[in-house]
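# turn this into a structure:
(chains A and B)
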2 protein chains.
Amino acid sequence: MQERASQTRRLILEAAAQTFETHGYQGTRLQDVVAGRAVSKGALYFHFASKEELAAAVINEQHDLLAELAVMLRPRHSRTVPLLIEMSRRIGDLLRDDSMTRASTRLACERDQIGPAAPVLFDAWIDTVERLLEEAKAQGDVLPDADSRMVAELIIAALAGMQRRTRTGETSLDLHTFVMGMWRMILPGLAVPERRAEILDHLDAVDKVS
Amino acid sequence: MQERASQTRRLILEAAAQTFETHGYQGTRLQDVVAGRAVSKGALYFHFASKEELAAAVINEQHDLLAELAVMLRPRHSRTVPLLIEMSRRIGDLLRDDSMTRASTRLACERDQIGPAAPVLFDAWIDTVERLLEEAKAQGDVLPDADSRMVAELIIAALAGMQRRTRTGETSLDLHTFVMGMWRMILPGLAVPERRAEILDHLDAVDKVS
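Here you go, the predicted model:
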């Protein structure tokens, strides 16, 4: 793709994210995406043939979010549990502040409205968390009989559920506090006893960097 | 309300639940609710002035679900943690099998599409779980410094998130397994150490009744 076309595509995706984030899939019309923005309807249709295709592209923007965060933050951590804790703090921040992340998770929750071709965002996220938990087991920090898949499903389901609650203003609990509170609840049953105190100390340290 | 009017209202609510459950709020038209059913459009409009009012009525049907389950199941349990575990097993079953529960949670997740007057279903559920956790603290089964509100938010957010995943066929994990797995993960950090073994035994017993 030429550089200018690529920039236009990016501009459209960001405009689409802002619209989907606010109005959801069914509440968004393609003309709302371009309205009041420096993008023509022609350019929009050049890059995306339909609303379904545009929504799929927004979801795909965040498909590898957790895998990318893991690569980016890994040099800071010699062990994987602290890496996971910092990753989830970052996701909490992105779910609060970044319209692409917010739009992607909202659309991922509205998957059955979009259509069968819509990407399954959360599977990719759960796969990443599960893989890292298995790594933490090999490092001797997570109990060998912990069900990594189940823990990963729980973390992602809770994050998605809580983001919706904060979006609709139902709860005053913020996502940062929620993510840290969730780890405090599941770590006692997840961490190897001898490593628990050190991991909880690390959690307190990450909690303070907000 | 006369008995026949009350029966008709009930019939409409059940038809609405089935339609909302499948198509969501924005995907449902009032004519879909009566189509192919023994309810006239006139009867529908007699009882509910708008789609918004009908959705609010479906949500309100389940507003007190957890409080009612607590009252119903309390005689079977001398302590509150086992009561909570059995309640959540029942909710998992209802989220899987009962169209009114499924429709209510779907609509509660689509609250910002319905409008500001839509009832906040999950607050009532969270309040009930929080109150029971405080009761379990007073009984000496839950650690005094556990954050009951946060645990309640986590349980309900995770349930709502996971129900959506099972509804859209994204995961093969069933709700019963998920609910039991969630308790296994949070109980080690929640239960008073001396009571932990007995509570986990109880969990295994409830898990087998499926």
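
# average pLDDT for the helix or strand that contains A:Pro188?
Under the criterion of DSSP states H and E, A:Pro188 resides in helix A:175-190. Averaged across helix A:175-190, pLDDT comes to 93.

# again with stretch A:144-152
What stretch A:144-152 shows for mean pLDDT is 95.

# hmm, who's touching that stretch?
Applying C-beta atoms under 8 Å, 6 or more residues apart in numbering or on different chains, the contact partners of stretch A:144-152 are A:126-127, A:129-130, A:133-134, A:137, A:142, A:186, A:189-190, B:173, B:177-178, B:181, B:185. The C-beta positions use only the backbone N, C-alpha and C, and glycine is treated the same way.

# before we move on, the earlier item: list the buried residues of the helix or strand following the helix holding A:Pro188.
Counting by DSSP H and E, the element after helix A:175-190 in chain order, helix or strand, is helix A:193-208. Residues A:195, A:199, A:202-203, A:206-207 are the ones in helix A:193-208 that count as buried (16 or more other C-beta atoms under 10 Å in any protein chain shown).

# which one of those residues sits closest to A:Ser50?
A:Val206 (41.7 Å; C-beta to C-beta).

# pull out the buried positions in stretch A:69-83.
Buried residues in stretch A:69-83, defined by neighbour count with 16+ other C-beta under 10 Å: A:69-70, A:73, A:77, A:79-83.

# for A:Gln31, what are its contacts?
Shown in contact with A:Gln31 (C-beta under 8 Å, 6+ apart): A:Lys41.

# which secondary element of chain A has the worst mean pLDDT?
Using mean pLDDT, DSSP states H and E, the weakest-scoring helix or strand in chain A turns out to be helix A:111-114, at a mean of 86.

# is that helix in proximity to chain B?
Yes. Using C-beta under 8 Å from any C-beta of the partner chain, helix A:111-114 reaches chain B at A:111-113.

# most surrounded residue in the residues you listed?
Among those, the one with the most neighbours (other C-beta atoms under 10 Å in any protein chain shown) is A:Arg111, at 23 neighbours.

# who are the neighbours in contact with it?
Counted by C-beta under 8 Å, 6+ apart, A:Arg111 has contacts A:118, A:120, B:168, B:170.

# 7 Å instead?
A:118, B:168 (C-beta atoms under 7 Å, 6 or more residues apart in numbering or on different chains).

# next one: A:Phe178
A:162, B:153.

# one more: A:Glu52?
A:114-115, A:117.

# I'd say A:Glu61 and A:Thr105 touch.
No. Look at A:Glu61 against A:Thr105 with C-beta atoms under 7 Å: they stay out of range, at 11.4 Å.

# quick one, which of these two is more surrounded?
With neighbours defined as other C-beta under 10 Å, A:Glu61 and A:Thr105 compare such that A:Thr105 has more, 26 against 19.

# for the host helix or strand of that one, list the C-alpha coordinates in CSV.
Per DSSP H and E: A:Thr105 is located in helix A:99-109. C-alpha atoms of helix A:99-109 as CSV (Å, rounded to 0.1, in the frame of the first residue of the first chain):
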residue,chain,number,x,y,z
SER,A,99,-10.5,4.3,21.8
MET,A,100,-9.1,1.5,19.5
THR,A,101,-8.9,-0.9,22.5
ARG,A,102,-12.3,0.2,23.8
ALA,A,103,-13.9,-0.1,20.3
SER,A,104,-12.4,-3.5,19.7
THR,A,105,-13.6,-5.0,23.0
ARG,A,106,-17.1,-3.5,22.5
LEU,A,107,-17.3,-5.0,19.0
ALA,A,108,-15.9,-8.3,20.2
CYS,A,109,-18.8,-8.4,22.7
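
# which bits of chain A sit near chain B?
Within chain A, the residues that sit near chain B (C-beta under 7 Å from any C-beta of the partner chain) are A:24, A:26-27, A:109, A:111-113, A:120, A:122-123, A:147, A:150-151, A:153-154, A:157-158, A:160-162, A:164-165, A:168, A:170-171, A:173, A:178, A:181-182, A:185-189.

# filter those residues to the buried ones?
Neighbour-count burial (16+ other C-beta under 10 Å) applied to the residues of chain A next to chain B gives A:24, A:26, A:109, A:111-113, A:120, A:122, A:147, A:150-151, A:153-154, A:157-158, A:160-162, A:164-165, A:168, A:170-171, A:173, A:178, A:181-182, A:185-189.

# which stretches in chain A count as helices?
With helices called from DSSP state H, chain A shows them at A:3-23, A:30-34, A:41-47, A:51-61, A:65-73, A:80-97, A:99-109, A:111-114, A:121-138, A:148-167, A:175-190, A:193-208.

# so for B:Ser40, which of the ones you listed sits nearest?
Within these, the stretch nearest B:Ser40 is helix A:111-114; the backing value is 28.9 Å (C-beta to C-beta).

# that concludes my questions; thank you for your assistance.
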